Each structure stands twice: as structure tokens, then as C-alpha cells.
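Visitor: Next come a sequence and a model predicted from it.
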Amino acid sequence: PFDKPIEEIKEIIQKKIQWILKKQDEYKWTKPEMKEYSYLPSSTLPYLGKNYEIEIRNLDSIDNIEKVRIDNHKLFFYLDISVKANQDNQSQSISNEIADREIIKNKIKTLYERWLYDQALQNFKEKINEFSKIIEVTPKDLQIKKLKNRWGSLTKNKKIVLNVNLVKAPQTIVDYIIIHELCHLRME
């Protein structure tokens, strides 16, 4: 708290100094684990704190648009998958299989990233509206970006910027980050 006397702050730090040094040392030697996604069927992708298995489906003949749907702990990717005729040459067939696998992987990655952005936009707008009323603040705008080093920020123009990857975290974490950014508006 801002009204806490400096002497009391120093006293608290002094009491906890061994614990602080121990934790600093632990973090210094711990490297965060960055997971690489394979974007292949039967692997998983995160959304709101849960991992969803990837399953590929052929495009619906009705709307004929590649898309992602979430249901029953799975992410269904509706893709245009053209079946190629069998090759006589086995090495050619293996080469085509590897190429097809890369095409599918790239389609899944592209669709997932687009879907994730759409989900983030919907989720973040809803939560900002909900928490803005409670905190009694009004941000000017919301921007979603792929940020490298932060989950969110507030610009001088009162625009909230949130990392698209935040929507991979559990909803409680999303809520926390949004509330944190909205609280900056209260401090102005």
C-alpha cells in the first residue's frame, strides 16, 4: 500500500530476505519450458487452460469453408483434403506423403491462429465489458496482438492491448490480466 511506512517495508523485506534470495536463485537456474506444437492430428492445442485433441474432418458440402469447431474436448479442423492417386514409385509416394503432411500441418496452424484470434477478441471484449462496469472505468479501445514479452498493457490513450496467446491460459488468468489492465485506468 502507498501509505505503508518505509521502515515497515524494510522490516518485512529483512524478515523474508533468505526466502527472497532462495527464490531468485531457483528462478535463475530454471528455464521456462516453451512447448512447440506439432499441429498434427491426435496432438493437442491449448485453449482457455485446457488441451484439446486435434481431429481433422472433411469440409462440409454446405458452406465449403475451412474452419475450426470446438466440441467434446476436441478441436475439429474442417479442411479441404484432396486424396491423391497412388503412385507406382514408393519413394515418390513417401515424398508426397511428407508434402501432404506439411500442407495439413500448415493449414491447421493457420486456421488455429485465426480461430484463436477470433476467440480472444470475443472473450476479451466480453470480460472487459463485464469488469469495466464493476471497476467503473471505460477503456477507449481493445487491441489484440501477438506480444513477445507481456500479457497486456495499457496505452497512454487508454487502449488495452492484450496478447492473443492469453486466450490459451485458464479463464481465471485471463480475468486477472484484464482486471489488472483496467485497474491502471483507476490510477489515472
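Guide: Everything's here; your move. Remember, it's a predicted structure, so these values are computed and weren't measured experimentally. Numbers count the residues shown, from 1 in each chain.
Visitor: Output the contacting helices and strands for the lengthiest helix in the chain.
Guide: Ranked by residue count, the top helix of the chain under DSSP state H comes out as helix 90-135. The contact analysis (3 or more C-beta pairs under 8 Å, 6 or more residues apart in numbering; DSSP states H and E) places helix 90-135 against strand 44-47, strand 50-58, strand 67-71, strand 74-79, strand 141-145, strand 159-163, helix 171-186. In this view, the C-beta of every residue, glycine as well, is placed from N, C-alpha and C.
Visitor: Residue 100 versus the residue nearest to the spatial centre of the chain, what's the distance?
Guide: Centre of the chain computed as the mean C-alpha position; nearest residue by C-alpha atoms, centre = their mean is residue 165, 2.3 Å away. Separation of residue 165 from residue 100 (C-beta to C-beta, to the nearest Å) stands at 28 Å.
Visitor: what's the spacing between the residue nearest to residue 112 when sequence neighbours are not counted and residue 170?
Guide: Spatially, and ignoring its direct neighbours in sequence, residue 112 is nearest to residue 45 (5.8 Å; C-beta to C-beta, 6 or more residues apart in numbering). Distance check for residue 45 against residue 170: by C-beta to C-beta, it reads 15 Å.
Visitor: ok, the two, which is more surrounded?
Guide: More crowded of residue 45 and residue 170, by other C-beta atoms under 10 Å: residue 45, with 21 against 12.
Visitor: I'd like to know the beta-bridge partner residues of the more buried one.
Guide: Counting by DSSP bridges, residue 45 is bridged to residue 52.
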